[in-house]
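1. What follows is a predicted structure for the sequence shown.
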Amino acid sequence: MSDPLETGDIYFFYRIRMDVGQPAGLDDVQRLYMVLVPDPAERARLFIVGRKQLPEIRRGESHARERDWLLDYAVDTPRGIGRALHPVTYETDRQGERNTGEAVPAGAGRYAVVQLGDASHLAYRLGAPGKPGKAQEIFGIRSEASYVIAVKNPKVRVEGFPEETPDYPRKLTEMFADERWIDVSDPALLDFENAQLVLIGALDSLDAVDVDLGGAADPFRTLGLEESAWATAALRQGDLAAPTFDAEPIKPPADRSKGGRRGGRAAAATDSAAGVAAALKGIELPRRRAGLVRHARANDAPAEVVELLEALEDREFRDMADVTRAVGEVR
């Protein structure tokens, strides 16, 4: 049996877009999250899955969808991560209070980080739902799977990956040397917000992994969530479920309408200038308002950023300075 580098609970959650009632597919989803809670459950990590789907696992061929990025969005106690999955209430200048529902659980199981040959793997086995359904099919969540996992050198820019960088201590920074990617030989690499990783689809069976993934994983108990307030159809029956909005909502840590003093990832998640710039990254201008909105949605921008762009005057925008001025006029 393999000697794992780390074991723990793994959970998958999704958050649907603002103002979507019953989600019908991936277009109605704002984020797919992966939560890792290492044994013993003293800390937890909340990852954003780049394409809102786990990478495909194919045999005998290579395809771009066999890989995807992960962004380490938050590292906290398990209950702290659970709090981040609550409904979110925003105060906007134009439309008053807006709400987005809680992140809905779509899978719970056990995972291990193991070394297989010359690569580290993230392997997991679901305990719930017992049989994957439509929700799991949409997100690429299998009953069991193994993915090559590697950590990106924070000094290296990779096209298509977020620009955020983790604040690694010198000991971990030196592990990268001149390499673009390194294995997860030290799981401490995963304990820093803004760490970026790549997942590559490898195995749809854990026969080659040979690691004990026994034990029950309960997202409600572990993350301090009140099960009665959470939609459970995706977790229990595999049905794509809408949030209930019954859990206590949280508010962003700063006043969104004034931009606050948040920087980096937090600012890029709001309708501030940084958030708009992040949503429109890679766009070719000039574009009309509809083009801005389409590009922001393609970049999976937060719903409040899309709403801000929809509120702009319907005209042609020549460059980003033009967009920024227009945003200032409607805020």
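-> That came in fine, so what should we check first?
2. Could you point out the helix or strand that follows whichever strand or helix holds I149?
-> Mapping I149 onto the secondary structure by DSSP states H and E places it in strand 144-152. Read in the C-terminal direction, the helix or strand following strand 144-152 is helix 170-176, with elements assigned using DSSP H and E.
3. Quick one: distance of that next one to the chain centre.
-> For helix 170-176, the distance between its averaged C-alpha position and the chain's averaged C-alpha position is 25 Å (CA atoms, centre = their mean, to the nearest Å).
4. what comes up buried for the helix or strand just after it?
-> Towards the C-terminus, the helix or strand next in line after helix 170-176, according to DSSP H and E, is strand 181-183. Going by neighbour count (16 or more other CB atoms under 10 Å), the buried part of strand 181-183 is W181, I182, D183. Quick note: C-beta positions are derived from backbone N, CA and C, even for glycine.
5. Show me what the last one is bridged to.
-> Meaning D183. According to DSSP bridges, the partner residues bridging D183 are A150.
6. Quick check: it vs L46, distance?
-> According to CB to CB, to the nearest Å, D183 stands 22 Å off from L46.
7. Let me see the ranges of the strands in the stretch 201-331 of the chain.
-> Secondary structure of the stretch 201-331 of the chain by DSSP state E, counting those that start in this stretch: the strands cover 287-288, 316-317.
8. Just give the closest residue to R51, not the sequence neighbours.
-> Ranked by CB to CB, 6 or more residues apart in numbering and with sequence neighbours excluded, the top spatial neighbour of R51 is D68, at 5.1 Å.
9. What of G291?
-> I283 (7.7 Å).
10. OK, contacts around R142?
-> L54, I57, L126, P132, Q136, D204 (CB atoms under 8 Å, 6 or more residues apart in numbering).
11. can you map out the helices along the stretch 201-331 of the chain?
-> Counting by DSSP state H, counting those that start in this stretch, the stretch 201-331 of the chain forms helices over residues 219-223, 233-236, 264-268, 273-279, 289-298, 303-310, 320-330, given from the N-terminal end onward.
12. Buried ones in the second one, by neighbour count?
-> It stands for helix 233-236. Going by neighbour count (16+ other CB under 10 Å), the buried part of helix 233-236 is A233, A234, L235.
13. which helices and strands sit right next to that helix?
-> Under the contact definition 3 or more CB pairs under 8 Å, 6 or more residues apart in numbering; DSSP states H and E, helix 233-236 sits against strand 104-116.
14. now the strand it packs on against strand 144-152, angle please.
-> Note on geometry: by axes from the mean of the first three to the mean of the last three CA atoms, to 10 degrees, strand 104-116 and strand 144-152 are set 70 degrees apart in direction.
15. rewinding a little: among the contacts of R142, which ones are buried?
-> Judged by neighbour count, with buriedness set by 16+ other CB under 10 Å, the buried members of the contacts of R142 are L54, I57, L126, P132, Q136.
16. What is the nearest of the residues you listed to E307?
-> Sorting these by distance to E307 puts L54 at the head of the list, at 28.8 Å, by CB to CB.
17. picking that back up, V198 is nearest to which of the helices of the stretch 201-331 of the chain?
-> Closest approach to V198 among the helices of the stretch 201-331 of the chain (CB to CB): helix 264-268, 18.4 Å.
18. Quick check: mean pLDDT of the closest one?
-> If you average the pLDDT over helix 264-268, you get 43.
19. which stretch of helix or strand covers the spatially most central residue of the chain?
-> The geometric centre of the chain, computed from its C-alpha atoms, lies nearest to I48 (CA atoms, centre = their mean), at 1.4 Å. I48 is part of strand 44-49 when elements are defined by DSSP H and E.
20. what about G50, distance to G160?
-> The span separating G50 from G160 equals 8 Å under the rule CB to CB.
21. which of the two has more neighbours?
-> More crowded of G50 and G160, by other CB atoms under 10 Å: G50, with 21 against 11.
22. so who does the more buried one touch?
-> For G50, the contacting residues are D68, W69, L70, L71, G160, F161, taking CB under 8 Å, 6+ apart as the criterion.
23. Quick check: which ranges of the protein have low pLDDT?
-> Per-residue confidence of the chain (counting by pLDDT under 70) places the weak regions at 1-2, 59-65, 91-96, 252-273, 329-331.
24. go again using 50 as the cut-off
-> Segments of the chain classed as low confidence (criterion: pLDDT under 50) are 254-271.
25. can you list the domains in it?
-> 6-236, 256-330 (automatic domain parsing).
26. Kindly present those as CSV, with separate columns for distance to I250.
-> Shown next, in CSV, are the domains of the chain (distance: least, CB to CB, whole Å):
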stretch, distance to I250
domain 6-236, 5
domain 256-330, 13
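27. These: which one's closest to P243?
-> With CB to CB as the criterion, P243 lies closest to domain 6-236 of the domains of the chain, at 2.6 Å.
28. so can I have a markdown table of the buried residues of helix 233-236 showing distance to V148?
-> As requested, those are exported to a markdown table (distance: CB to CB, whole Å):
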| residue | distance to V148 |
| --- | --- |
| A233 | 32 |
| A234 | 27 |
| L235 | 27 |
